[in-house]
Each structure stands twice: as structure tokens, then as C-alpha cells.
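Visitor: Generate a structure from the sequence data that follows.
(2 chains)
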Amino acid sequence: MSAVPVPPGVPAEASAPVAARLPSLSPARRAFRRFRADRRGWWSLWIFGTLVILSLCAEVLSNDRPIVAHYQGSTYFPLWNNYPETTFGGDFATATDYLDPFIREQFDKPGNWAVFPPNLYRFDTINYFSPSPNPAPPSAVNVLGTDDRGRDVLARLIYGFRVSVLFGLALTAIGVIIGVITGAIQGYFGGRIDLAFQRFIEIWGSMPELYLLLIFASLFEPGVLILLVILSLFGWMGLSDYVRAEFLRNRNLEYVTAARALGLSNAQIIRRHVLPNSLTPVIAFLPFRMSGAILALTSLDFLGLGVPPSTASLGELLAQGKANLDAWWITLSTFGVLVGTLMLLIFIGEALRGALDTRRG
Amino acid sequence: MADSFAASDPVLAVEDLSIVFDGPSGPVTVVDRVSFRIHRGEKFALVGESGSGKTQTALALLRLNGDARVSGRIRFGGRDLLALGEREMRGVRGREIAMIFQEPMTALNPLYTVGDQISETLVLHEGSTRAAARARAIELLELTGIPEPQRRVDSYSHQLSGGQRQRAMIAMALACSPALLVADEPTTALDVTIQRQIVELLDDLQRRLGMSVLLITHDLPLVRRFAGRVGVMRQGRLLEVGTTPVLFERPADPYTRRLIDSRPKRSIQPITAEAPELMRADRVGCRFWLKSGWFGRKPFDAVREVDLSLRQGETLGIVGESGSGKTTLGMTLLRLASGDSSGEIRFAGERLDGRPQSALRALRRRLQVVFQDPYNSLSPRMTIEQIVGEGLALHRPELGPDRRREAIVSMLAEVGLDASVLSRYPHEFSGGQRQRVAIARAAILNPSLLLLDEPTSALDVSVQQQVLELLAGLQRKYGLSYVFITHDLAVIRAMAHRMIVMKDGRVVEAGDTEALFAAPHADYTRTLLAAVPD
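Guide: This next block holds a predicted model:
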């Protein structure tokens, strides 16, 4: 038929250079490569990951009890069990205060030993044996000093960082799930559903979030859970708009019509075709949303609307720093942790955004 | 590279032009030591497929290549353009060498009237007063054949039709009577009837103004009708240059021969009289609701009262210009249109209309579709195996993963791709290869009917011919029926047994393809056929 015979199975354009001999990389692998190429973001991720994992082991790193203790031939695990003071030669049947100089002496006797965590205080441990009045400046006893109730600042920072990061993760995860689902429904189905949702979001978004928080803080006992619920109720809207826009764009592309022509159901089309191609803004925004969540919790704690005072929190420390301006070690160290965390997250976010930009290599 | 005019008076002489871009993996040479001349009053065409470097060559004449490295010499009016400063170059652009672009919608600034944009060049280069420039703009618009130029001079680009926009672009380019007009695919974005008018206009203007024209195109029939001499480019190299009749009759380079021969050829088998009817549509319509005012909506019938029928193993061509409703008709037939559809559609004895989408899912296996744009029709985050196998997993779950893979591999072999592509992603393939994947995705389900919506319009001519042959081969082998939607009459002539011609949502004429081409009845069909360069 044609003047130039095309041998079967070997189309002429197959010989064109389409990177045919290079190993095939999925878009996800390419994105990972681009992410790794951004050294600052890559290292930020490692540092942040290490810090999070360390903070998850906070009980072992910063606690007022020994991890393992050996006393008169028996081995004890005070971190996991409560032992009365009488076990270690004390007078009372109450729980042992391992920071008590008397108990420390007991372990120093020959044959007895105890392995203490690197930092000798829990977030709520009050150092009754501090050499200087509270708030105490940094010293060999309390590396970053104590707050105005005699609690170790380093211990409170470690535990507070953990609360902040876990809260940020949870709030981000809930916000992403709700945002993606609502955005997907609006964008994919469009029309009246979209219209109704949009009006609902406008009304919902115009509710005064801070007033609601104040009201709820007086109605319920403040706690991490109630904060999570209230912030989640309002936190999904920003993301939902982006996902909606992506869905509106992608559902009109021909591969979606092709999938409909194959006979796929709406749920299958959303899951397999539209969603994977619409997640770019979600992933790019993740670290920024998380730093926003951490900052939100910190601000609420600072205002006294957040977690109860017994819980370690960065915002509560900042409030203490404000109340005790001369205790520079509280403000400065908390500020350092907060800025460091937010900066790491933003670096990760920038690298992620670059990695998801498919126009780059 | 015989240059028969070598001794006479060249307006432009390009010598050893090379253009190199710095890619992420080293320098990429897009134009490789190209030399050619254009004489006074000559119509020269550069022909090539996508990626041949023809547009970059044209842009180099105006030094608009962006951050590419350009070397060689471009002699124009006694100077080397590549040696000029940016300031002097601005005096050349628009004044001595003017350019018209492929897409007139994006090449015109939507915020200014057409008159403003024409006057701008005049005020800038010739120092005309505003009033004089406006009078000249009206003159130029009149020259390009725009009706009511006094009124159109104050129109914005969105108020003009595609053809009028291209005329306005030409008027802008002619404003300073350039010695050389560079036309980069000036008709590609236009409908065939408009294409013909624009080509005639360019031809007429060239003769009246005595300027030289450099035409950049992939459209060989256009070149044959328009150009005096032709240069053929491929992968950055100028393969041969010759006068149009010589080059078309006796091409020296095998690639040129292949390009000339790659026009669609009729390669379908006649339909036997007893072939059963597969699809029948009666008075099919599709209505969209357009917003009108704040709360009102008004109906817009994209398709009205179309009757058609299709037999087993037959190809029905649907031809029409953009906006004629041919794609909407195709989507309506498959119940994929987003508007309100009406009328009766029968497929293999079953009614398609009025059934809920969920009831159609099982039938979808037998009704498949291939789209125009192979870049949009494959999900970018799925491998070829997932794309081709998805329908199979849905409709024939009884095949295990192993047998499914076997089926995918043999289908890919049938469309001319080997098993090594399974784990690759669509972005790694050329347009023609992607279209093969899209055909494999549809054909693997062993459908009875395949809707082909402009399946070759986004492809280069030589690739287009291969895809058409693949489709014809599949039809011969499996007795597939095709509904072939296209604006390209040469393709429809090669592929369709019967055809319908659509305009404004209605069928203007229907009949046997050969008979219709030989003796069109409707006036519209006649203009359409006349517009096709033969």
C-alpha cells in the first residue's frame, strides 16, 4: 500500500530517540530524585525526622526515673513500674522520688547502680532540690534552666515539641482527608453539588473561629482533642478549594472520558485516574499546613486557650517567658525550637514543591 | 542541494545557520548548518515534521530564539543580522522582516483593538501620527479583505472570527511594507474553507506588493499550491532545496519521497451487502444550556436531528468544520456527552438512550473510543500495562494477571509496540506511539464499534499514514466498525465507506464517500471539497 514498506511491529517512529534505552522511571521516582537533588530540603527532612523519632522516645531521653536500676542484688525497671520508696531503703511506702539525694546515695553504694536518662527530668517534674530559686538559670543541674514552677525547661521543650508535632500531624492529616474528599466531590461532579458546597463553604468560612474557640474553651475542659476537633472543623476549606480546581481541570481531560468509555464507575475513575493526578497541591502544601498547625497550637497555648497547663507546650512556655522577662532562657530556648521546627518544615515544603514540578528534569 | 537561482538577487541568504539549546543533559542542536537563499519576490517554503527545526530557523531570522546559541550568518539587506545589536535588530523586526504566527488568537493582544495594534507598528517604525496610522490601518484591513474595515478597526480580537483574526495579523505584518514576510503555519489553526481564503490572500498580496514570503509549514498540498521553491527539513538538517514542480516530481532525498507519498491512501475493503446493521440513530440531538443573564439559561443545540446507521465492518466518516457538532455527535452516540441528549440510539439491537450509566457499563466493552490528542488521553501516572489492561481487568476479571499480561503483550505487538514498553509511562513516547497505545487500550476489549475522534490530527503526516494503515488493518482482521470523526477530507476519503457532512449541528449531506466526492449535492459540501488542495 505505502511506497515505503513498514515492517510489521516496527513502526518507523519507534526508532526515533524517545529515551527508549534509558531505564523507565515512574513519575513518583522522578519526583523523589528531584527532591533528593535539593540538598537543603533533603537534609531538613532527615533532621526533622530524627528529631521527631527522638521526641517519640522522650520518656527514655528525659525522665526523672532510672531506666534500669540494680539494688541489693535485684534488678528494677522504674521507667515501667512504680516502686515504693521502701524498696530502695526509704522510710515511706509512697512512690520513689529518684531525684531525692538520699535515693541517689543509695544507688551510689557499692554493688548498686542505676542508669538514668540523659536528662533527669520529666515535663512535670519539679526540681525541689534546685540550688537557685525558680525560675532558675541554666546550670549543670538544669541545662536550660527551670521555669517559674521549677520544671526543667529542656524536658518541657522535648515533650512540648512532641505534642506540637503530633498535633500538627493529626490536624494536617484530618484536614487533608476532609479537604480532598470534599474537593473531589465538588470538582468531579460539578454543577449543583459544586454550587451547594461552595455556598456552604462560604457560610462556614465566615464563622468567627476564634470566638467559637473561646466559647468552647469555657464550655468544655480544654484539651488536645477538643482543639483538634474545632481546628479541623475549619482547617479543611483552604485545601478543598485547590483539590476542587484540580479535579475540575482533570475531569475534562480525555483520559477521564476514555475511562468512562471503558465502563469504569465514578468511584473507580476518581480513585485511579483523577485523584493521583490531582494530589500535587496537596503534597506541596503538606509541610506548610503542618507548620501552620503547629503555630496555631502554640498561639492558642500562648493565649491560654489551648491545652491544659499541666501539658508541656511551646505556647505555654512562651507565655511564661513573657511573664518572666528576666528569665531569658525560657523565651530564647522556646523561640529557638519553634523557629527551628518551622524552618525545617518550610525547607522540606520548598523541596517538595520543586520535586513535584514536572517541568524540571 | 542545487540552487537554480544562485546567481540572481537574493533578499535573504542564510549561511551555515546552527541553533543549539542547552538542555538538562547537554547541548541539543535543533538546527544544524542550514543554508538557503530567498530571492526578491519569491515564495519559499520550509517543510518538515514537528521537531525538524523549521520554526526555530524562522525565529532566527528575527533573532527571537530566546536563550539559544545561534551561529552562522544571515545576510539581509547587506547586513549580517546575527551581528547586529539588539537595538538595530528592533528596527528590522516588523519593518523589514515581518512575521505571522500560527495561532491568531494568542498572537493578538486581547486588551487592544485591532486598529491600535496595527497603528502601533506604524507609529513605532515610521513615526506616523495617530490619525495617519489609523487611516493606514483601515486601508490595510481593507487590503486583507476584512468586511467593513471602518468598523473592524475598533474591534477587539475576541470579536473577530478565526479567519478575520488571521487577516488582521496579516494586516499588522504588512503595515510597514516589509521586504520579507515570514508565515509560520499561517493556516494550521483554521478551518479548511478559511485556509483556502487565507492562502489566496497571501498569494494575491505577495503578487501586488512584490515582497518575498517564507512559508513554514508541514502541509505539503499547501506548499505545492503556494510556493515557488521548497526546502525540506528533518531533524535540524536541510535535506534538499528545489523548485516546487521538480521537488514534487523527482524528489532526490528518500525522506522527501516518503513525505510526499505519505498522503492517505484508500486502503479499505468494500462492505458486503449482507453485513448486519450494528448501530442506528434516529433524530439524535444534544442540547446544552448556556447562561443568559443572571439566572436565565438558553438552549443551544449542538446536534439536531441526526439520523445515521452503521453496518458491521463499515466505516462512517463524520466531516465538518470546527463547531459543526461532529465531536458532540460522537459523544452522544456513546452516551458520553455532557448535554441533554434526545432521539433514539440502537446498538446491536439494544437501546442506548434512556438507560442509566450503570446499565451501560457492561455494553461499554463493545463501544470504544480513541481521541484526538494522545497527550491528554493517557493518564500520566499510569504505566502502559495499567492503561491497556484496565478495561480488561474490569470487563474480563476471569483472566488472571498472567493471562491478562499475555493479552496486553499480544495487543501491543499488534499495534506495533514491543513488550519492553509495559512498565513505561506515557510521557516517554512520541505522539504516534501514544496514539498506538490508545488504540491498543480500545481494541484489546475486542469491541464491535470504535469511535475515532480526529485520531490523526495531532500527528505528523508520515506517522498519520502509519496509524491509518494500522486502523485499516485492525478493521480487516476483526471486522470492526468505525465512526471516524475528522475535519480532514483526505483522511476521510481514504478511510470511510460512507460519510456525513455536518454544519451547525445538522447533517448537510450523507452518502457513499466516493459518490459524494465525485458529485456533491449541497452547496456547503461543494465549498468544503473545493477548499481541499488536490
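
Visitor: Quick check, the residue in chain B closest to chain A?
Guide: Nearest to chain A in chain B, going by Cβ to the nearest Cβ, is residue B:364, at a distance of 3.2 Å. In this view, the C-beta of every residue, glycine as well, is placed from N, C-alpha and C.

Visitor: right, and that residue touches residue A:259 too?
Guide: No - in this structure, residue B:364 is not within contact of residue A:259 by Cβ atoms under 8 Å, at 10.2 Å.

Visitor: got a pLDDT number for the residue of chain B closest to chain A?
Guide: On pLDDT, residue B:364 comes in at 88.

Visitor: Would you point out which residue of chain A is nearest chain B?
Guide: Counting by Cβ to the nearest Cβ, chain A gets nearest chain B through residue A:263, at 3.2 Å.

Visitor: number of nearby residues for the closest residue to that residue other than its chain neighbours?
Guide: Nearest-residue entry for residue A:263: residue B:364, 3.2 Å, with adjacent residues in sequence omitted and distances by Cβ to Cβ, 6 or more residues apart in numbering or on different chains. Close neighbours of residue B:364, defined as other Cβ atoms under 10 Å in any protein chain shown, add up to 23.

Visitor: what do you get for residue B:233?
Guide: Residue B:233 is surrounded by 26 other residues when neighbours are defined as other Cβ under 10 Å.

Visitor: for residue B:290, same thing?
Guide: Neighbour count for residue B:290, taken as other Cβ under 10 Å: 9.

Visitor: try residue A:352
Guide: For residue A:352, using other Cβ under 10 Å, the count is 23.

Visitor: which residues touch the residue nearest to residue A:263?
Guide: Counting by Cβ atoms under 8 Å, 6 or more residues apart in numbering or on different chains, residue B:364 touches A:261, A:262, A:263, B:395.

Visitor: For residue A:160, state which of the residues you listed is nearest.
Guide: Taking Cβ to Cβ as the measure, residue A:160 lies nearest residue A:262 of the contacts of residue B:364, at 52.5 Å.

Visitor: where along chain A do the strands fall?
Guide: With DSSP state E as the criterion, chain A has strands at A:68-71, A:74-76, A:113-115.

Visitor: Would you mind finding the most buried of those strands?
Guide: Among the strands of chain A, ranked by average contacts under mean count of other Cβ atoms under 10 Å in any protein chain shown, first place goes to strand A:68-71 (a mean of 18).

Visitor: what's the distance between that one and the middle of its chain?
Guide: The gap between the average C-alpha position of strand A:68-71 and the chain average comes to 35 Å, counting by Cα atoms, centre = their mean, to the nearest Å.

Visitor: cool, stretch B:239-256 as well?
Guide: Chain-centre distance of stretch B:239-256: 24 Å, with Cα atoms, centre = their mean.

Visitor: Tell me the span between the first and last residue of it.
Guide: 8 Å (Cα to Cα, to the nearest Å).

Visitor: just for the chain, where's the confidence low?
Guide: Using chain A here. A:1-25, A:358-361 (pLDDT under 70).

Visitor: actually chain B
Guide: For chain B, applying pLDDT under 70 flags the ranges B:1-8, B:24, B:104-105, B:533-534.

Visitor: quick one: residue A:149 and residue A:125 touch, right?
Guide: No - checked against Cβ under 8 Å, the pair residue A:149 and residue A:125 is beyond contact range at 10.4 Å.

Visitor: between the two, which one's more packed in?
Guide: Neighbours were counted for residue A:149 and for residue A:125 using other Cβ under 10 Å; residue A:125 has more, 22 against 12.

Visitor: Residue A:154 is in contact with that one, correct?
Guide: No - if you go by Cβ under 8 Å, residue A:125 and residue A:154 don't touch, sitting 11.2 Å apart.

Visitor: and the stretch 401-534 of chain B, which residues reach chain A?
Guide: Within the stretch 401-534 of chain B, the positions near chain A by Cβ under 8 Å from any Cβ of the partner chain are B:413, B:416-418, B:423-425, B:427-430, B:432-433, B:436, B:438, B:441-442, B:445, B:451, B:462-463, B:465-466, B:469.

Visitor: I'd like the distance between residue B:385 and residue B:50.
Guide: When distance is defined by Cβ to Cβ, to the nearest Å, residue B:385 is 27 Å away from residue B:50.

Visitor: do residue B:247 as well
Guide: In this view, residue B:247 and residue B:50 are 21 Å apart by Cβ to Cβ.

Visitor: ok, these two, which is more surrounded?
Guide: More crowded of residue B:247 and residue B:50, by other Cβ under 10 Å: residue B:247, with 24 against 13.

Visitor: Need phi/psi at the more buried one.
Guide: phi -60, psi -40 (degrees, to the nearest 10).

Visitor: ok now do it, which residues does it touch?
Guide: B:230, B:232, B:240, B:256.

Visitor: okay, now the closest residue to the third one other than its chain neighbours: neighbour count?
Guide: With Cβ to Cβ, 6+ apart as the criterion, residue B:240 has its nearest non-adjacent residue at 4.8 Å, and that residue is residue B:253. Around residue B:253 there are 15 other residues, counting by other Cβ under 10 Å.

Visitor: quick revisit: rebuild the contacts of residue B:247 as CSV, extending it with neighbour count and secondary structure.
Guide: Putting the contacts of residue B:247 into CSV (neighbours: other Cβ atoms under 10 Å in any protein chain shown; DSSP: H, G, I helix; E, B strand; the rest coil) gives the following:
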residue, neighbour count, secondary structure
B:230, 27, strand
B:232, 26, strand
B:240, 16, strand
B:256, 21, helix
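
Visitor: end-to-end on stretch B:172-179?
Guide: Its start and end residues considered, stretch B:172-179 measures 14 Å (Cα to Cα).

Visitor: count of neighbours near residue A:73?
Guide: For residue A:73, the count of nearby residues is 7 (other Cβ under 10 Å).

Visitor: what does residue B:150 give?
Guide: 10.

Visitor: Residue B:138 is in contact with that one, correct?
Guide: Yes - under the criterion of Cβ under 8 Å, residue B:150 makes contact with residue B:138 at 5.9 Å.

Visitor: Now for the two: what residues contact both?
Guide: Counting by Cβ under 8 Å, 6+ apart, nothing touches both residue B:150 and residue B:138.

Visitor: can you tell me how far the nearest residue to residue A:354 once chain neighbours are set aside sits from residue A:347?
Guide: Once flanking residues are discounted, residue A:354 sits nearest to residue A:38: 5.6 Å by Cβ to Cβ, 6+ apart. As defined by Cβ to Cβ, residue A:38 lies at a distance of 8 Å from residue A:347.
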